[in-house]
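Fold the stuff below for me.
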Amino acid sequence: MPTHSTRTTISRQWEMLKLLPNRAPGLTAAELLQQLEEAGHRTTKRTVERDLNELSSLFPLHCNDKGTPYGWYWQPGRSIDLPGITVGEALTLRLVEDSIRPLVPGLMLKSLEPRFSQARQKLTALGEESASARWVDKVASVQPALNLIAPEINAEHLDQLHRALLEDLQLHCRYRSANKNRVHELALSPLGLVQRGQITYLVACAEVFDDVRLYAAHRFEAVTLLSQPGRRPADFKLADYVQSGAMQFGEGQMIQLRAWVDPTLAKRLRETPLSEDMKLIDESDGALLTATINNSWELKWWLLSQAGAIRIDEPKTLRQSLIDSQRQSLALHDTTM
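Next up is the predicted model:
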């Protein structure tokens, strides 16, 4: 098994070969040193120069010595498509591996598995001597809400959703609704997949509805790929749909929120505002809040979570909705055990 120093040298030299361009004027030793350091390889300019001279005896490299500093590049028509991945690529693959799995078609994901495995192996092998390789152990992404366990999605159903999206075909589905627990037979035209927290949603048009709707991937009970092309609204763009606030659920309307907040919540909101136009006007016992925000379930859940720290003044309908929810909660808890 190679020693640490041997692995470090091989990894550094392999990275250098990947970095070298295939045309003049090439990269100087100083430029290569900077790019190697950015990739997590600690070395010196002298070592880089020694590596270049050594590699030029094994690979078709050319040194542009017409001016100083010298530039190195692959000889014209002689560059090599080196296998493997860089430390930066390995780190990126490890950081995104889990999050992209539900969003990538099965065949594509299968082709990525060797890259995921290679990324894990490379970071493990270089972990002791490369600070960049250890970065994956120093960062994490955490959901701000209660971290529920992700529902199980039928792998065959997900594969059919992926294929329909990839080929722009319709689907015939049996789908169980969340609230009424009814099973619906639907012909869907898929428009996109969106990961929201632990839930994967299919964005689609149904023949029985005129608008674009969301379908939780784990609630499909049967999925059949049809040969008919999908029906796509002419002006639909998934990025615009997500940006519109549709993934927050609710009425989808913008409202002018007016409220009083206590000093602690006001401080947090100054750090993480509710909206671009949010304003806080200080008062002796707190602050007056105004903001333009999407009237969504997510907003309501957040407001309920801040009970005791916020009082809604406008809109009146939102205020009453929160009061009703709190009364229902009190009624459930105000029972004799």
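
Tell me the gap between the one helix or strand residue 46 maps to and the middle of its chain.
Residue 46 is located in helix 45-56, with elements delineated by DSSP states H and E. What separates the centre of helix 45-56 from the centre of its chain is 39 Å, taken as C-alpha atoms, centre = their mean, to the nearest Å.

which helices and strands does that helix pack with?
Under the contact criterion of 3 or more C-beta pairs under 8 Å, 6 or more residues apart in numbering; DSSP states H and E, helix 45-56 touches helix 4-19, helix 29-38, strand 61-64. C-beta: built from backbone N, CA, C; applies to glycine.

distance of residue 106 from residue 61?
Distance of residue 106 to residue 61, computed by C-beta to C-beta, to the nearest Å: 41 Å.

Give the other helices and strands that the longest helix along the chain contacts.
Assignment by DSSP state H gives helix 106-126 as the longest helix of the chain. Counting by 3+ C-beta pairs under 8 Å, 6+ apart, the packing neighbours recorded for helix 106-126 are helix 4-19, helix 87-100, helix 155-167.

at 7 Å instead, please
In this structure, helix 106-126 packs against helix 4-19, helix 87-100, with contacts taken as 3 or more C-beta pairs under 7 Å, 6 or more residues apart in numbering; DSSP states H and E.

And residue 4, what's its pLDDT?
Looking at residue 4, its pLDDT is 53.

Okay, domains of this structure per the record?
4-74, 87-137, 155-246, 251-333 (automatic domain parsing).

would you list the ones you listed in JSON lines and tack on distance to residue 148?
Formatted as JSON lines, these follow (distance: least, C-beta to C-beta, whole Å):
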{"stretch": "domain 4-74", "distance to residue 148": "35"}
{"stretch": "domain 87-137", "distance to residue 148": "15"}
{"stretch": "domain 155-246", "distance to residue 148": "6"}
{"stretch": "domain 251-333", "distance to residue 148": "13"}
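
Leaving aside the residues adjacent along the chain, what's closest to the residue positioned nearest the centre of the chain?
By C-alpha atoms, centre = their mean, the chain has its centre lying nearest to residue 99, at 6.3 Å. Among residues not flanking residue 99 along the chain, residue 195 sits closest, at 6.8 Å (C-beta to C-beta, 6 or more residues apart in numbering).

hey, what's the one you found bridged with?
Counting by DSSP bridges, residue 195 is bridged to residue 200.

which residues sit in contact with it?
Shown in contact with residue 195 (C-beta atoms under 7 Å, 6 or more residues apart in numbering): 99, 102-103.

returning to that earlier point: any idea how far the longest helix of the chain is from the middle of the chain?
With C-alpha atoms, centre = their mean, you get 18 Å for helix 106-126.

and if you look at stretch 286-294?
29 Å.

right, so of the helices and strands packed on helix 45-56, which gets closest to residue 301?
helix 29-38 (42.0 Å; C-beta to C-beta).

Which secondary structure elements does the helix or strand harbouring residue 171 sit against?
Assigned by DSSP H and E, residue 171 belongs to strand 169-176. Helices and strands touching strand 169-176, as assessed by 3+ C-beta pairs under 7 Å, 6+ apart, comprise strand 183-196, strand 220-229.

show me what contacts the nearest residue to residue 40 once chain neighbours are set aside?
Closest residue to residue 40 apart from its sequence neighbours, by C-beta to C-beta, 6+ apart: residue 132 at 2.4 Å. By C-beta under 7 Å, 6+ apart, the contact set of residue 132 is 39-40, 87, 91.

would you turn these into CSV with neighbour count and pLDDT?
Shown next, in CSV, are the contacts of residue 132 (neighbours: other C-beta atoms under 10 Å; pLDDT from 0 to 100):
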residue, neighbour count, pLDDT
39, 20, 72
40, 22, 72
87, 23, 76
91, 23, 81
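
Of those residues, just say which sits nearest to residue 270.
Residue 270 lies nearest to residue 91 out of those, by C-beta to C-beta, at 34.0 Å.

Pretty sure the closest one sits against residue 136.
Yes - at 6.0 Å, residue 91 counts as touching residue 136 under the criterion of C-beta atoms under 7 Å.

what sits in contact with each of those two?
With C-beta under 7 Å, 6+ apart, residue 91 and residue 136 have common neighbours residue 123.

quick one: low-confidence ranges for the chain?
In the predicted model of the chain, residues 1-7, 67, 78-84, 129, 142-146, 248-252, 335-337 satisfy pLDDT under 70.

rerun that using 50 as the cut-off
1-2 (pLDDT under 50).

Outside of stretch 202-219 itself, which residues are in contact with it?
151-153, 158, 161, 175-176, 178, 186-194, 199-201, 231, 233, 236, 238, 241.

What's the ChimeraX line that selects buried ones from the residues you listed?
In ChimeraX, a selection of the buried entries from those looks like this (16 or more other C-beta atoms under 10 Å):
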select :153,158,161,175,186,187,188,189,190,191,192,193,194,199,200,201,241
